[in-house]
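Engineer: 3D model of this:
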Amino acid sequence: MRNRRKPRKAATRHPFPRVDDGPATFILDSGVEIHEVYPETFYLPPAEERETLQPGDLAKLIFRITGGKRTAVERMWVIVEKVRKGNYVGVLDNDPYCTESIRHGLVVAFQPKHVIQIHRKNADWPQEWQAQ
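Structural biologist: Residues are numbered from 1 along each chain as shown. As a prediction, this is how the structure comes out:
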């Protein structure tokens with residue numbers, strides 16, 4: 001009689017990679033560098049638009065999030081709060097899927113090279129959409 005192994009259970013995979021096996025940290029990827037490598041497929045707003053954000057504008061950034069030995073990349077929106085000598089300070093407006101350590105409201109410093117999409121503040125937006 002042969003030894004029969006128990007069948008393995010199928011691994012349940014989350015549709016998004018999780019990085020919760022250690023403290024989560026992040027860096028921002030440069031949209032400019034990605035656009036230089038993939039100019040035909042990676043759209044980037046013109047430099048003039050990326051360099052003239054104002055408080056209340058929304059900027060989409062690429063977050064490279066690391067926790068333990070795992071890394072995930074997510075594109076998330078940041079609400080611009082301050083403009084300082086060509087740099088920006090804003091607050092994260094999303095919660096990433098890959099970790100619960102980074103949440104909306106996190107203060108994020110970034111530069112025009114990090115901005116991959118823009119939504120300008122609009123006076124017609126509902127009050128709850130507008131930056132405080």
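Engineer: mind listing what's buried in the helix or strand harbouring Glu81?
Structural biologist: Element membership of Glu81, judged by DSSP states H and E, is strand 70-84. Going by neighbour count (16 or more other CB atoms under 10 Å), the buried part of strand 70-84 is Arg70, Ala72, Glu74, Met76, Trp77, Val78, Ile79, Val80, Glu81, Val83. The way it works is simple: take the backbone N, C-alpha and C, and place the C-beta from them, glycine included.
Engineer: for it, packing partners?
Structural biologist: Counting contacts by 3 or more CB pairs under 8 Å, 6 or more residues apart in numbering; DSSP states H and E, strand 70-84 packs against strand 58-67, strand 87-92.
Engineer: need the residues that contact stretch 101-116.
Structural biologist: 20, 23-24, 26, 28-34, 42-45, 47, 50-51, 53, 59-63, 65, 67, 75, 78, 86-96 (CB atoms under 8 Å, 6 or more residues apart in numbering).
Engineer: hang on, the earlier thing: nearest to Glu100, out of the helices and strands packed on strand 70-84?
Structural biologist: Proximity to Glu100, assessed across these by CB to CB, is greatest for strand 58-67 (10.1 Å).
Engineer: output that closest one as PDB, nothing but the C-alphas.
Structural biologist: Taking C-alpha atoms only, strand 58-67 is exported to PDB below (Å, rounded to 0.1, in the frame of the first residue of the first chain):
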ATOM      1  CA  LEU A  58      -5.200  66.700  -6.400                       C
ATOM      2  CA  ALA A  59      -2.100  65.100  -7.600                       C
ATOM      3  CA  LYS A  60      -1.700  61.300  -8.300                       C
ATOM      4  CA  LEU A  61       1.600  59.900  -7.200                       C
ATOM      5  CA  ILE A  62       3.200  56.400  -7.500                       C
ATOM      6  CA  PHE A  63       4.000  55.000  -4.000                       C
ATOM      7  CA  ARG A  64       6.500  52.100  -3.800                       C
ATOM      8  CA  ILE A  65       5.500  50.600  -0.400                       C
ATOM      9  CA  THR A  66       7.800  48.100   1.400                       C
ATOM     10  CA  GLY A  67       7.000  46.100   4.400                       C
END
